[in-house]
Structure formats: C-alpha cells, structure tokens
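In: quick one, what's the 3D model for this:
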Amino acid sequence: MLASDLAGEGDVIQVVSRAFDVLRCFESHEARLGNLEISSRCGLPRSTVSRLTHTLTRMGQLVYLPRDQKYRIGPSAVAMSTSMMRGLQLRNLIRLRLQDVAEHLPGTVGFVIPDRFNLVYLEVGRAANALGLSSTSGSRIAMVSTAAGHAYTAALDEEVGDALLAEMEREIPEGAKLLRPRLEANRRFLREHGYVVTCGLWSPHINGLAVPLWSPQYQTFVVVTIGLLAAMYDEKRLHKEVAPKLLELSAAIGDMLDGGDGELFGDRSQGKPPSVQPHKNKTIAREDMNELEAGARRPRPARSVRARDGRR
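Out: This is a model prediction of the structure:
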C-alpha cells in the first residue's frame, strides 16, 4: 500500500491487502516459510494465513514443500517479477552511477522504493572496502530506523506523512517511536538542504544520508541513500563531504527518471515526457515545494493533496 492511499483506507479490500502481506514475507526467492512463521512476520492469525497460503498456492504464487512443510515463492510470482524487470537499461545506468559514488566513498549506496513500512533496494553500489553493510538488490530496510525512510516520510505531503505515521503507530508502535520525534525536524532540514541525515539510528556503528526524488512514472518518491561507518564519517563529515556527492548523484538520477528512459520496471509508456533542467543550489521554501530532486525545485504547478499522490 502506498502512503498516499492511507487517506482512502476504507476502500481497500482487506483480503487482497493481506495476500500481499503474506507474499512480502518471502524476502528472497529461496526463502522457505511455514504458516506459523508467516503469521508471526505479518501479524495475521494463523487460520487466516493458512487460507491465504492455500489460495496463493493454487494460483501459483507460492509452492508447498511437503518434506519441509513450508512454502516458497512460486512460478507465477517469479514470472510476474521477471516481466517487471524489462527496463534493465535504465537500472544498469543507475547502478553504474551508484557504483561510481561508492568507489569514492567507502560505503553502500542504494536506490530504494517504498513498500508499506519498508523500502526495497532496487540497485546497490558498494565499495570493496565497505564495512558493516551488506545490502543487495531486493533487501528490505525499515522506514523508521534508516536515513532513506526518514527522507521518504519527510518528503511526503504532511497530511499523507502524518497518516502513514498514524498507521505505523497502530501496527508497529515501537518503531513509530523512532520516527515521530524526528519527523518535523526532518521536514525542515529537507526543505532547506534537500537531504536528511540519521546517525546511529539503524545501528550505532552506521550513519546515513538520503535524498528523496519524485518519480513521475510511479507517482511516488524514490530515495537515493548511503550508509557509512560512523567511526569514519561523523555527522559533520556527512554534511561537508558526502552530501554534495549524493546531491549530484540524485540530480543525475532525477534527470534519468524525468527523461524518456524513465521506466524502471517495464516497457516505456507512450509519449516522452519533457526534460526539465533543475535549478542548482536552490533552497526549497515551503510555499513553492513541488518536487524534491537533489535539493532543487522544479518549476511546475503545485499539486494538491486531492491528487492523492503524496507530493508537496
């Protein structure tokens, strides 16, 4: 569920939402889970999980392994994900950009997309000498405890962001306690500087910095993020040395997303959207905050919350 859907939560078909909750439990193609493990991971009653896994198995989304008495991702789910991976050219270009930055900064640089209360790495660049981080494409990270998550929630329209936080407080109250006291400060810092920093939140040994970007194709924010060892990069060094590189990287990726090759998953939609050059080194004021791309605002008409896309 996208954060922008929370305002209209009443029209969500619960059984469909719960089926996707079950599928989300399988973080890799090789994952094997029983009903009890799935129930524990997604917080649903075991009887509900049993009915859902039976249905998903009949649909080919899951496969039952009698010897293990567990399930794994099925051929239909694999086929569906494969068809969504056709836009590899753009992703390869993004990966090269991430890796180029990772070669100059000894950390893990990622391009992530939101998935309910988490973010998923689409692409990763990692320095050979990076320590403490081992994220790969497909890895999930929590919004509440990461720089990427704090940047994403700060970029959302306040009404949408507040609704997402309220949903977190109902379903993951302990996690929401990490986000709530930081949300307003994150919003202010993002408006002024175009990025968000978290230090020691996910791990006392890791500091992070993240930049949210608007994806016009998918009507949501995606995030460019980096994690570095706190012993090497304290907060002052993040601002001075890391932020300029990540803002530059984000501007380049933002241009890719705005250009004709902006499809991350499938075939390009008909019609090439116009390319818009960013205004560099601009401070983002609240009243003219339409998009966040590398700390620069783009001269487009403001979008209202009525569009329910989560944009400012």
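
In: how about the helices in the stretch 51-200 of the chain?
Out: Ranges of helices in the stretch 51-200 of the chain, per DSSP state H, counting those that start in this stretch, are 75-83, 88-104, 147-155, 158-171, 173-193.

In: list the buried residues in stretch 22-38.
Out: 22-26, 33-35, 38 (16 or more other CB atoms under 10 Å). Yep, even glycine has a C-beta here, placed from its N, CA and C like the rest.

In: which residues of the chain score low on pLDDT?
Out: Applying pLDDT under 70 to the chain flags residues 1-12, 28-30, 78-88, 130-134, 218, 260-312.

In: tell me how it divides into domains.
Out: Domain ranges of the chain: 3-82, 84-307, per automatic domain parsing.

In: most packed of these?
Out: Mean neighbours per residue, mean count of other CB atoms under 10 Å, is largest over those for domain 84-307, with a mean of 18.

In: distance check, the residue nearest to Leu190 when sequence neighbours are not counted against Asn118.
Out: Of all residues not flanking Leu190 in the chain, Ala154 sits nearest, at 4.6 Å (CB to CB, 6 or more residues apart in numbering). As defined by CB to CB, to the nearest Å, Ala154 lies at a distance of 17 Å from Asn118.

In: now the residue of the chain most remote from its centre: phi and psi?
Out: Within the chain, the residue lying farthest from the chain centre (CA atoms, centre = their mean) is Arg67, at 35.8 Å. For Arg67, the backbone dihedrals (degrees, to the nearest 10) come out as phi -60, psi -40.

In: switch the helices of the stretch 51-200 of the chain over to a markdown table; also include distance to Ile253.
Out: Below are the helices of the stretch 51-200 of the chain laid out as a markdown table (distance: least, CB to CB, whole Å):
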| stretch | distance to Ile253 |
| --- | --- |
| helix 75-83 | 22 |
| helix 88-104 | 6 |
| helix 147-155 | 14 |
| helix 158-171 | 22 |
| helix 173-193 | 17 |
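
In: tell me which of the ones you listed sits nearest to Gly43.
Out: Checking those against Gly43 by CB to CB gives helix 158-171 as the closest, at 7.1 Å.

In: check which helices and strands that closest one sits against.
Out: Other helices and strands packing on helix 158-171, by 3 or more CB pairs under 8 Å, 6 or more residues apart in numbering; DSSP states H and E, are helix 147-155, helix 173-193.

In: what packs against the last one?
Out: Okay, so that is helix 173-193. Helix 173-193 packs on helix 147-155, helix 158-171, strand 196-203, going by 3+ CB pairs under 8 Å, 6+ apart.

In: which helices and strands does the last one pack with?
Out: Going back to what we said before, that points to strand 196-203. Strand 196-203 packs on helix 147-155, helix 173-193, strand 206-215, going by 3+ CB pairs under 8 Å, 6+ apart.

In: these: which one's closest to Leu56?
Out: Closest approach to Leu56 among the helices and strands packed on strand 196-203 (CB to CB): helix 173-193, 26.6 Å.

In: just want the angle from that closest one to helix 158-171.
Out: Helix 173-193 and helix 158-171 are oriented at 160 degrees to each other (axes from the mean of the first three to the mean of the last three CA atoms, to 10 degrees).

In: what distance separates helix 173-193 from the centre of its chain?
Out: The chain centre lies 16 Å from the centre of helix 173-193; the measure is CA atoms, centre = their mean, to the nearest Å.
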